[in-house]
Every structure is written in structure tokens, then in C-alpha cells.
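Asks: Predicted model follows, preceded by the sequence.
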Amino acid sequence: MLIGTVIGNVWATKKDPTLSGLRFLVIRPFTTNGDESAESIVAVDPLGAGIGERVLVVFGRAARHCIGRSHDIGFQTAVSAIIDRLELDDGRVIGPTKAEDHTPERPDSIPSDPANQ
Amino acid sequence: MLIGTVIGNVWATKKDPTLSGLRFLVIRPFTTNGDESAESIVAVDPLGAGIGERVLVVFGRAARHCIGRSHDIGFQTAVSAIIDRLELDDGRVIGPTKAEDHTPERPDSIPSDPANQ
Amino acid sequence: MLIGTVIGNVWATKKDPTLSGLRFLVIRPFTTNGDESAESIVAVDPLGAGIGERVLVVFGRAARHCIGRSHDIGFQTAVSAIIDRLELDDGRVIGPTKAEDHTPERPDSIPSDPANQ
Amino acid sequence: MLIGTVIGNVWATKKDPTLSGLRFLVIRPFTTNGDESAESIVAVDPLGAGIGERVLVVFGRAARHCIGRSHDIGFQTAVSAIIDRLELDDGRVIGPTKAEDHTPERPDSIPSDPANQ
Amino acid sequence: MLIGTVIGNVWATKKDPTLSGLRFLVIRPFTTNGDESAESIVAVDPLGAGIGERVLVVFGRAARHCIGRSHDIGFQTAVSAIIDRLELDDGRVIGPTKAEDHTPERPDSIPSDPANQ
């Protein structure tokens, strides 16, 4: 179970019949240091997450549950939640998208222009 | 569940009997930054994917479902779809093969030859 | 099954209904060399672990057991224990939080102030 | 499901009783760029693979199937095939052992001694 | 299924009740090139392995089997064997602990003192 950012959409015509009618997203795992992971995973999305949104991704049985399907299904990864907010121990607040992230000013930094403080 | 590129074929004579008659592919995981992963995975392919094609790879129960086999089977990875197109948030369109990928021109780049713009 | 440090909390309104009422934590995997992993995992916490605490994280069936839920549930990772102490072979004692870690003085190090020995 | 090279044998006297009478191999995952992975996995081998041979390794239920055992067994990884040949998209042919690998001459390389061509 | 070295012990008072009375070890995965992995895993140990010993670690169903517990249990990793010896293809013999490892002299090395040969 991990957090990722929706970075794309997937189209496929030739596929296992159980994949028909499902929405597939490309998701980049979230890293706590801000580096962009080169890895990507694909998940079925029953919640309507948009590009740039942070989501919770689950695997295996939990993924089948989220799509409301029984055992005989040709996928194994799904979006189970759209994230509103992560609050991290270093004071950062990670929002639903990158534009809404907030990094606190560090008290030990020297302001370059005190008038802006 | 991940996306990969078919990079090879596998032959094996001495094997578990349940592997007979199945087509095995070598697949390289797709990375969003274009680096070539040194890792490879092997998947059974029921869809007829060719060398160079991008495919969706599933594991475990989903893989057994895609091959239409019951529980007692000596494999656990399968191709569940052949990708037509990925659209990524940076504007790139990943096609069915590398030759059909499209990277948009970046508006902030300086054209080396304005006559070609 | 791994050890990690609780580094954040997760809020999500739009989610699979089976996730309602559960507490989700962001957890950074513990590394034996002290490097901060950039990876993070999300786990359901039934034990009330606080920010900074070391916890034992389990996956799949074990996670469902720890939450006391049956099969049809949209998560797969949980906190199964709050760590009191790890004792490592290099003499380090890892406490419930980083502030309580203890690294032994190395006998081959030269004391900067013998009066403190 | 991955391809690896058999690089060693394992002996253990003190073990779960269900491991008695099984042959355990140390296997190094195959990388497409020729780098030697430092990782290793251990697999039960019902096929008699020798040191240096390339094998197909499976996990979980597929591994239990390959050994012909039911659910209550203390292992989860097995050799399911001995590889005869991999043909990769860059022209390389990976043989049953490294000595039999074949890398094609690259047409764009400049021969150092034309007399040998 | 992998080989690792026992590098520590874990204590936890606040935990899922099914973890009571079990011994938890910190285990560092074995690498074939001698590098010390920064990763660690935690395993339940029914065999009494000591600090420094090499062990075989199994996951999921195999782990539950080794502890002799049924499905409803809050762990998923266990020690299934204590290693006596690994023999690797480069001539190294890995013993039950590091002190007993043996690396062969390389025939292509120049002896510093021929009298010792």
C-alpha cells in the first residue's frame, strides 16, 4: 500500500476481456525526499482520480475488492483513495496535488530580504 | 501490475509439464525517465505480443486467470494487455512501440534553426 | 515484515468505504546504516503509534488479521507492533524513537577529552 | 517469475521438517546489461540444474506446484524450467550457460583487423 | 526465499496478541559481493538462531507453516532453516557465520611469499 501521483492514462484494445470498461492510470510512487522515481505502476481507478492527484494504491485481494470483482480477474492493482493531505514530521504538508504542497520556512534559515518576512 | 517492453523470447525443453505449449517472453520494465532498466521479468503471453511492443504484465492470481488455468500451474506472470498508447503528464505520448513514441517540443527551448519551426 | 518509523499522517475523504474510520500512517523503512530511505509505505494503525515511533509493519493476510477484518477490505498493510527496543550486533540499541537510540563508544576511537571517559 | 543463473548450493541440517530431502540452489538474477547482481535468491530445484545453468524461477503457489507439495510447506521459491536459449532484441542469444552466450558483431563497429573479418 | 545474517533482536510490548511468545530477529540480506545491505527484515524464529548466523528466510504461507500457526496471525516472515554451508561458483564457501567463511586463493594472483605456497 503506497502513495503515488497520477501521471498518465493507458489505452489498450487487445486485452484480457475482464479488463474491458475499466480505467487504467499510470502512477509514480511518492518519495519523501522529492526525487522523481523513474518507476511507474499501473492501477485500475474506480474513484475518478485526475492527472496530478495523489492517490493510495493497493494490490492483490484489496485491489479486487476495491473494483468490486470476484477472483477471476486479470488485474491486481487499484486506487483505493484520493489523498486530501499528508502531514509529515518535518513540517511539510503534502496536498492533493503538487501545487498545493506546503514546505514550512525553516527557522534556522537567514532571510534574504527581511522586508518579505 | 506494470508496463514493460517485450525484448526477447525464451526456450526451455526441461520444465514443469504445466509450462508446455505456452509462449514465454522476456520483458523490460518501462521507466518514465527513459533509462533502460537492467532488470527483466518473464511472462507467459496469451495475446501474441511481438518484440518491441509495450504490454501490461500481471502477477499471481491475475496471471493464472489470463492464461485460463486453475490453481495448479507452475507460473505466475502473464501479459494481460497490449498497450496502444500511454499519455503522460509531461506531454509525452508513449506508443505501442518505441518508434511511435512522441515527445512534444518544449516551448522554452531555443530552436537551433528557426526556419524549421 | 519490516521495521519503520512513523513519519506522517494521511487524510482522504474520497475512498473505498471499507477504509472509513481507520487511521493511516506514513512510514519510512528503517535502514541499518542510518541513511534515510526516500521510500515510504502507508499502513493502517490499530495500536495508536505516534510520530517518530518505530513500528513493525505487516502485509496482506497478516495485515487484515491485525485490523480484525475479513477478506473484503481495501487495504493490505498494517502496524502489528510498536517497537520497544532493537539490539544490533554492532552494539547499537535502537529505541522506541530516534532520541532514545544509543550507539556505543568505539574502543578504537581516540577520546577528544580523556576526562570525560 | 524471473531468469537467473545457478551460482551455488545450500546445506542446512537444522530446518523445518518439510525442507528435508529437497535440493536448494543459490541463484543470481539475470540482468540484461551484463552487470552481476549482488542479490541472490534461494530456490528448491526439482529439475537437477547444475552450477552455471540459466533457470526460470517461480514463487508462491507456482513454486509449491512445481515441487508437487500441498499448502503446508516451509518454502516458496522453485526452479520451474532450465533455459535452453533466450533471444534478445539486440541480437544477443543467451545460452544455457554463459560460455554459450553469443553477442552479434555490431555492423557499425570498425574492425581492428580487416583480415579477420 | 532468501539467505540472511541474524544481526539483532526485537522487543515489543504493545503488539497484536498473536505475536506474544514469539522470538523476533532482525536479519540482513546476504549479498554475493560482500557489500552490507542497508535493508533489514524482521522474521519470527522457531529454530533458535543466534546473532551472526546465516539463516533461510521465508514469507507468507510458508512462514505461517514454519511457526505452526493457522491463517489468523499477525506476521508473515519466518526463519525456516539455519545454514550450515553455501558453496558458490567462484570457489567461496560461506559458513554458518562470517568467521567461518572461506575464500580460495586465486591462482592468477602473484604470491607475496613463494615459500608459503
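Replies: Here it is on my side, so go on. Bear in mind the structure is a predicted one, so any value in this text is a computation, not a measurement. Residues are numbered from 1 along each chain as shown, chains lettered A, B, ... in the order given.

Asks: can we go C-alpha only for contacts and neighbour counts from here?
Replies: Fine.

Asks: does A:A43 really touch B:M1, like I thought?
Replies: Yes. The criterion here is C-alpha atoms under 8 Å, and A:A43 meets it with B:M1 at 7.1 Å.

Asks: Touching both of the two, which residues are there?
Replies: Any residue near both A:A43 and B:M1 by C-alpha atoms under 8 Å, 6 or more residues apart in numbering or on different chains counts here, and that gives A:Q76, A:T77.

Asks: Looking at the two, which is more packed in?
Replies: Taking neighbours as other C-alpha atoms under 10 Å in any protein chain shown, A:A43 and B:M1 compare with A:A43 leading, 27 against 24.

Asks: Quick check: the gap between the more buried one and B:V42.
Replies: To B:V42, A:A43 is 20 Å away according to C-alpha to C-alpha, to the nearest Å.

Asks: again with A:R64
Replies: The value you get for A:R64 to B:V42, if C-alpha to C-alpha is used, is 24 Å.

Asks: Also A:K15?
Replies: 18 Å.

Asks: Compare these two and say which one has the larger neighbour count.
Replies: Neighbour totals were compared for A:K15 and B:V42, and B:V42 leads with 26 against 19 (other C-alpha under 10 Å).

Asks: list the contacts for that one?
Replies: B:F24, B:L25, B:V26, B:I27, B:T77, D:M1, D:L2, D:I3.

Asks: and the least confident of the residues you listed?
Replies: Across the contacts of B:V42, the smallest pLDDT goes to D:M1, namely 85.

Asks: ok, it touching B:A43?
Replies: Yes. Checked against C-alpha under 8 Å, the pair D:M1 and B:A43 is within contact range at 7.1 Å.

Asks: quick one, helices of chain A?
Replies: Taking DSSP state H as the test, the helices found in chain A are A:60-67.

Asks: While we're on A:N116, how confident is the model there?
Replies: We have a pLDDT of 42 for A:N116.

Asks: Now do the contacts for the nearest residue to A:D35 once chain neighbours are set aside.
Replies: Closest residue to A:D35 in three dimensions, ignoring its sequence neighbours and counting by C-alpha to C-alpha, 6 or more residues apart in numbering or on different chains: C:A38, at 8.0 Å. Neighbour list for C:A38: A:T31, A:T32, A:N33, A:D35, C:R28 [criterion: C-alpha under 8 Å, 6+ apart].

Asks: The one residue in chain A that gets nearest to chain D - nearest residue in space that isn't next to it in sequence?
Replies: Per C-alpha to the nearest C-alpha, the residue of chain A with the smallest distance to chain D is A:G60, at 13.6 Å. Nearest non-adjacent residue to A:G60, counting by C-alpha to C-alpha, 6+ apart: A:Q76, 4.7 Å away.

Asks: Contacts only, for A:G8.
Replies: A:L25, A:V26, A:I27, A:I51, B:L86, B:E87, B:L88, B:D89.

Asks: Buried only: go through those for me.
Replies: A:L25, A:V26, A:I27, A:I51, B:L86, B:E87, B:L88 (16 or more other C-alpha atoms under 10 Å in any protein chain shown).

Asks: Export the residues you listed as a markdown table, with columns for distance to chain E.
Replies: Shown next, in a markdown table, are the buried ones among the contacts of A:G8 (distance: C-alpha to the nearest C-alpha, whole Å):
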| residue | distance to chain E |
| --- | --- |
| A:L25 | 29 |
| A:V26 | 27 |
| A:I27 | 25 |
| A:I51 | 33 |
| B:L86 | 34 |
| B:E87 | 35 |
| B:L88 | 32 |
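
Asks: Please save the CA atoms from the worst-scoring helix or strand of chain A on mean pLDDT in PDB.
Replies: When the helices and strands of chain A are scored by mean pLDDT, DSSP states H and E, helix A:60-67 comes last with a mean of 84. These are the backbone C-alpha positions of helix A:60-67, laid out as PDB (Å, rounded to 0.1, in the frame of the first residue of the first chain):
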ATOM      1  CA  GLY A  60      -3.900  -8.200  -4.800                       C
ATOM      2  CA  ARG A  61      -7.000  -9.000  -2.900                       C
ATOM      3  CA  ALA A  62      -7.500  -5.500  -1.700                       C
ATOM      4  CA  ALA A  63      -7.400  -4.200  -5.300                       C
ATOM      5  CA  ARG A  64     -10.000  -6.800  -6.400                       C
ATOM      6  CA  HIS A  65     -12.200  -5.700  -3.500                       C
ATOM      7  CA  CYS A  66     -12.000  -2.000  -4.500                       C
ATOM      8  CA  ILE A  67     -13.200  -2.800  -8.000                       C
END
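
Asks: all strands of chain A, in order?
Replies: Here chain A has its strands, by DSSP state E, at A:2-11, A:14-15, A:24-29, A:41-44, A:54-59, A:77-82, A:85-88, A:93-94.

Asks: Where does the prediction get shaky in chain A?
Replies: Within chain A, the segments meeting pLDDT under 70 span A:70-72, A:106-117.

Asks: Tally up the residues packed near A:I3, please.
Replies: By the criterion of other C-alpha under 10 Å, A:I3 has 26 neighbours.

Asks: thinking it is in contact with A:R54, fair?
Replies: Yes. With contact defined as C-alpha under 8 Å, A:I3 reaches A:R54; the gap is 6.7 Å.

Asks: Spit out the contact partners of A:G4.
Replies: Neighbouring residues of A:G4 by C-alpha under 8 Å, 6+ apart: A:I27, A:R28, A:P29, A:F30, A:R54, A:V55, A:L56, A:V57.

Asks: got the residues of chain A near chain C?
Replies: Proximity of chain A to chain C, by C-alpha under 8 Å from any C-alpha of the partner chain, involves residues A:1-3, A:30-33, A:35, A:47, A:58-59, A:61-63, A:65-66, A:80-89.

Asks: Now the two most distant members of the contacts of A:G8.
Replies: Pairwise distances across the contacts of A:G8 peak at 12.6 Å for A:I51 and B:L86 (criterion: C-alpha to C-alpha).

Asks: Any idea how many residues pack against the residue in chain A that chain E sits nearest to?
Replies: As assessed by C-alpha to the nearest C-alpha, chain E sits closest to A:G60 within chain A, at 13.6 Å. Counted with other C-alpha under 10 Å, residues neighbouring A:G60 total 21.

Asks: That one and A:T77 touch, don't they?
Replies: Yes. Contact criterion C-alpha under 8 Å: A:G60 and A:T77 qualify, at 6.3 Å.
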